[in-house]
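> Okay, sequence plus prediction incoming.
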Amino acid sequence: MRKIIIASDHGAVALKSEIVSFLKTKNCEVRDIGVNSDDPVDYPDIAVTACNEFKKGGYDFGILLCGTGIGVSITANKVKGIRCALIHDLFTAEMAKAHNDANFIAFGGRVKYSIEVTKMIEKFMDTKFAGNRHLRRVNKIMDTEKSRE
Ligand code: RB5
């Protein structure tokens, strides 16, 4: 059974509920760390909490949500070991896994997508990392963490 962590700021609470319901129909174990109200919170806090929980282990991947998906993805990509992809269609959902081996994907609750977010998540979940030259490139992404000041 896949285990997935999901978190949202106040800008994507309804989208989070929709995704959690979808993941349950796919027999996933879902760890939903909130938030569940429209009261404003700071998305960096949400993203860092989710990433740190993910890094404890046992999760297949994580989903981060805010109004645009931008704030949570920028934040997550500053956490060591995290590769968070901002997805906007089926192609980027597929490539995020096949080429980037993303361990987090991000969406925006206030974004008008041309396809349902659950379909993009399904595509990501149905895709395998392609390895080979993409592994070399992913390793180079991770090597950039070592040169951080
Ligand atoms: C919150 O108003 C909004 O800025 C946040 O949800 C997100 O869109 C930031 O990137």
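Right, received. Where do you want to start? Numbers count the residues shown, from 1 in each chain.
> quick one: low-confidence parts of this protein?
148-149 (pLDDT under 70).
> secondary structure class for the residue sitting nearest the centre point of the chain?
Central residue of the chain (C-alpha atoms, centre = their mean): residue 105, 2.3 Å from the mean position. Secondary structure, DSSP: H, G, I helix; E, B strand; the rest coil: residue 105 is strand.
> Okay, it and residue 22: tell me how far apart.
13 Å (C-beta to C-beta, to the nearest Å). To be clear about C-beta, it is placed using only N, CA and C from the backbone, and glycine gets the same treatment.
> anything in contact with each of the two?
residue 121 (C-beta atoms under 8 Å, 6 or more residues apart in numbering).
> rewinding a little: pretty sure the residue nearest to the centre of the chain is touching residue 60, no?
No: counting by C-beta atoms under 8 Å, residue 105 does not reach residue 60; the two are 11.4 Å apart.
> quick revisit: is the residue nearest to the centre of the chain bridged to anything, and to what?
residue 63, residue 85 (DSSP bridges).
> who are the neighbours in contact with it?
61-64, 84-87, 93, 96, 120-121, 124.
> what does the protein have sitting close to the ligand?
Taking C-beta under 6 Å from any ligand atom as the contact definition, the chain meets the ligand at 9, 11, 43, 66-68, 70-71.
> ok, which stretches of this structure are helices?
Assigned by DSSP state H, the chain shows helices spanning 13-25, 43-54, 70-76, 90-98, 117-125, 133-143.
> Go through the longest one and flag the buried ones.
I take that to be helix 13-25. By 16 or more other C-beta atoms under 10 Å, the buried positions in helix 13-25 come out as 13, 15-16, 19-20, 22-23.
> same thing with the fourth one?
Taking 16+ other C-beta under 10 Å as the neighbour-count basis, helix 90-98 is seen to contain the buried residues 92-98.
> Reformat those residues into CSV and put distance to residue 137 next to each item.
As requested, those are arranged in CSV below (distance: C-beta to C-beta, whole Å):
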residue, distance to residue 137
92, 16
93, 19
94, 16
95, 12
96, 13
97, 14
98, 12
